[in-house]
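K.L.:
This is the structure alone, sequence omitted:
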């Protein structure tokens, strides 16, 4: 569950017809010269209602503790296996990632509906540093399209939250003869499957390095 722009960790119990979540995420505290971590032990009490066998509604009843997470009042959940398959007409996807305070890869990748791929690795993408062209295998392309089909691209946020110590991403999805752009740092949990794919697939493609600067449709 995400209350903030990143994923919190919870223990839970059901008591007196309420769902009780205890946040076990460690938060930093202290001064610039002395930083330590303490557990956020805030308790969140939710009334819950089963809409059907695949849908659940949560309504926040009360909070006991420091309430660092600032949750919404209502949450609606659907079982992942019940989500409607969209069967989009995939045309292409462009993705760019920047570095962070760690070793996040600085890279660009673009893949079209035939599996043709272009890649530029700039930092932390070893051994693929430079400009490359290649092709996805049929299995790799099918996996990409499967992920896109369940990613509900029409609801992919156009503006993602930014964080100063996190990488920045740019997405351009072209499908069904339309284009959807998105940019920012914090990709919501539901869409992290496509983020994980685009950040890692370059390691599995059979690339051919080229000696010229690749142009991307960005």
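P.N.:
That came through fine. Note that the coordinates shown come from a computational prediction; the quantities given were computed from them, not determined experimentally.
K.L.:
So what does residue 155 look like in phi/psi?
P.N.:
phi -110, psi 0 (degrees, to the nearest 10).
K.L.:
so how far is residue 79 from it?
P.N.:
For residue 155, the distance to residue 79 (C-beta to C-beta, to the nearest Å) stands at 17 Å. Bear in mind the C-beta positions are built from the backbone N, C-alpha and C, glycine included.
K.L.:
Check residue 165 too.
P.N.:
34 Å.
K.L.:
The two - which one has more neighbours?
P.N.:
residue 79 (11 against 8; other C-beta atoms under 10 Å).
K.L.:
List the contacts of that one.
P.N.:
Applying C-beta atoms under 8 Å, 6 or more residues apart in numbering to residue 79 gives the contacts 53-55.
K.L.:
Listing request: residues of the chain with sub-threshold pLDDT.
P.N.:
Low-confidence segments of the chain, defined by pLDDT under 70: 1-8, 25-40, 67-70, 83-85.
K.L.:
so which strand or helix has the residue positioned nearest the centre of it?
P.N.:
Residue closest to the average C-alpha location in the chain (C-alpha atoms, centre = their mean): residue 192, at 2.5 Å. In the assignment (DSSP states H and E), residue 192 maps to helix 192-200.
K.L.:
again with residue 108
P.N.:
Residue 108 is part of strand 106-112 when elements are defined by DSSP H and E.
K.L.:
How about residue 48?
P.N.:
Assigned by DSSP H and E, residue 48 belongs to strand 43-52.
K.L.:
Noted, bye for now.
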